[in-house]
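[1] Quick one: sequence and predicted model below, then my questions.
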Amino acid sequence: MKILVATEKPFAAAAVEGIKKEAKAAGHEVALLEKYTDVKQLLDAVADVDAMIVRSDKITPQVLDAAKNLKIVVRAGAGYDSIDTAYAKERNVVVENTPGQNANAVAELVFGMLVFAVRNFYNGKAGVELKGKKLGILAFGNVGRNVARIAKGFGMDVCAYDEFCPKDAIESAGVHVVDSRDDLFKSCDVVSLHIPATPETIQSINYKVVNLMKKGGILVNTARKEVINEPELLKLMADRDDLKFITDIKPDADEEFKKFEGRYFSTPKKMGAQTAEANINAGIAAAKQIIAFFESGDTKFQVNK
């Protein structure tokens, strides 16, 4: 089978070599499309492939229609909203993700940005410490669990809310369970978002919700841009000069947020999974999942059933 690694943001070289090694050992061919700048390059590259490994690349109906032989697409990472999963299902194309492979990398970035924020973006003025502060984790999946683990090392008081995660699973990680999203925002100094972009969550982080936070609250987003209601958060930050917003996904209204100097920071591009280790873990996991699919029909990580 022919496997295309199509990544506008390339994998680390070691990840590509790991993917090639896994595929070759199983008797498959690997083609590489990196740093492409035009969708036509992607359309040409998918014409004869049986499988694809992608990152944040947009796999649209146009791409799926061009890939006549395609049987499986694996998103090397957790979020898969850049792939039209419904249309893929119509085309009988399996879509999978690689949950957990990037989790530690994203969690570490949360604290890299948090230390930067509580120390006033290193402007030379006195800041505060994370020790003793209450951290709220919204959604307790793979990343949320790693955030909780690291937070304990900082001496933070950690609580979480996840309507889909059993309370005992959260408590077994030594994390306090709160009863609602609103209670999480009300009770915490810092809230870290780890929710996917779904019809229920898109623009759900709005004026009313974030305004529940304590004085000096910090909102951290390493999840998805779409969950933030940008116009309402802009209004809230204008109304409350004590709030900070730090994000790993540059908002559409980045220039408007920049006027809140000293209270806003965005990475230039999404950096959560941008470590060599996460690249290697996710890339090789994707390759192994494709191999298992072709060898035994394994669809354990399918997201478009």
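    In hand now; what should we look at?
[2] so K250, which of the three states?
    What DSSP: H, G, I helix; E, B strand; the rest coil gives for K250 is coil.
[3] Look up how far S82 lies from it.
    The gap separating K250 from S82 is 16 Å, by Cβ to Cβ, to the nearest Å. C-beta: built from backbone N, CA, C; applies to glycine.
[4] With V54 instead?
    Using Cβ to Cβ, V54 is found at 8 Å from S82.
[5] Which parts of the protein are helices?
    Taking DSSP state H to define them, one finds helices in the chain at 13-25, 39-45, 61-66, 85-90, 103-118, 142-153, 167-171, 181-187, 207-210, 230-239, 254-257, 276-296.
[6] now those as a markdown table including mean pLDDT?
    Converted to a markdown table, these look like this (pLDDT from 0 to 100):
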| stretch | mean pLDDT |
| --- | --- |
| helix 13-25 | 96 |
| helix 39-45 | 98 |
| helix 61-66 | 98 |
| helix 85-90 | 98 |
| helix 103-118 | 98 |
| helix 142-153 | 98 |
| helix 167-171 | 97 |
| helix 181-187 | 98 |
| helix 207-210 | 98 |
| helix 230-239 | 98 |
| helix 254-257 | 98 |
| helix 276-296 | 96 |
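[7] Switch those helices over to CSV; also include distance to P199.
    CSV is the format used below for the helices of the chain (distance: least, Cβ to Cβ, whole Å):
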stretch, distance to P199
helix 13-25, 33
helix 39-45, 26
helix 61-66, 19
helix 85-90, 13
helix 103-118, 23
helix 142-153, 21
helix 167-171, 24
helix 181-187, 16
helix 207-210, 17
helix 230-239, 18
helix 254-257, 25
helix 276-296, 26
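[8] L32: neighbour count?
    By other Cβ atoms under 10 Å, the residues close to L32 number 16.
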